[in-house]
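K.L.:
pasting the sequence and the predicted coordinates here, then a few questions.
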Amino acid sequence: MKQLFDNAGVALLQTSTIALPAAELAAEVAYIRSDFKGWIRDKFDLHPNQEQQLAIMPDDFTQRLAHAIADRYEQRMPVQFYKETRAEDDSTDLKDLILNGMDQVTYTLGSEPSVTIPDLAIWIRYKRNI
């Protein structure tokens, strides 16, 4: 069943995703990395404006976001997510998508690079349409 793309829907999806058996989680993570927009469409019941905003999201940004989310799920870590809400669910208002906590790679000469996976936080903030 598809979830609404709101705080409660994202929380339910995350809880069920990170609880999947290892093989199913690996398949889900691979899907997120290979077709993030398709994964979002399959998992969430999007309003027309949400669909349009997803469609115009730049590919490089989409890939970074997909890999950051997939990395957390692979470690069975949820993503902090907060989406401001409006009375009108299908709002045409512009939104900022703010990401905090991308991976940090550290390399010390003579050793293997280490990757620190900090908490990832996603905040969707509305702007007023003028």
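P.N.:
Ah, there it is.
K.L.:
the helices in the protein, which residues?
P.N.:
7-18, 22-34, 36-43, 48-55, 59-74 (DSSP state H).
K.L.:
so which of the ones you listed comes closest to Lys95?
P.N.:
Nearest of the helices of the chain to Lys95, taken as Cβ to Cβ: helix 48-55 at 6.8 Å. (Each C-beta comes from the backbone N, C-alpha and C, glycine too.)
K.L.:
flag every buried residue along the closest one.
P.N.:
Residues of helix 48-55 classed as buried: 50, 53-54 (neighbour count, 16 or more other Cβ atoms under 10 Å).
K.L.:
what mean pLDDT does that helix get?
P.N.:
Averaged across helix 48-55, the pLDDT comes to 88.
K.L.:
swap in stretch 123-130?
P.N.:
65.
K.L.:
any chance of CSV for the helices of the chain, columns distance to Ile122?
P.N.:
Output for the helices of the chain, formatted as CSV (distance: least, Cβ to Cβ, whole Å):
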stretch, distance to Ile122
helix 7-18, 9
helix 22-34, 14
helix 36-43, 12
helix 48-55, 14
helix 59-74, 8
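K.L.:
to Phe81, which of these lies closest?
P.N.:
Judged by Cβ to Cβ, the one of these that comes nearest to Phe81 is helix 7-18, at 4.7 Å.
K.L.:
just checking, what packs against the closest one?
P.N.:
Here helix 7-18 touches strand 3-4, helix 22-34, helix 59-74, strand 80-83, going by 3 or more Cβ pairs under 8 Å, 6 or more residues apart in numbering; DSSP states H and E.
K.L.:
distance to Ile124 and mean neighbour count for these - can I get that in CSV?
P.N.:
Below are the helices and strands packed on helix 7-18 laid out as CSV (distance: least, Cβ to Cβ, whole Å; neighbours: other Cβ atoms under 10 Å):
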stretch, distance to Ile124, mean neighbour count
strand 3-4, 13, 16
helix 22-34, 18, 14
helix 59-74, 12, 17
strand 80-83, 4, 16
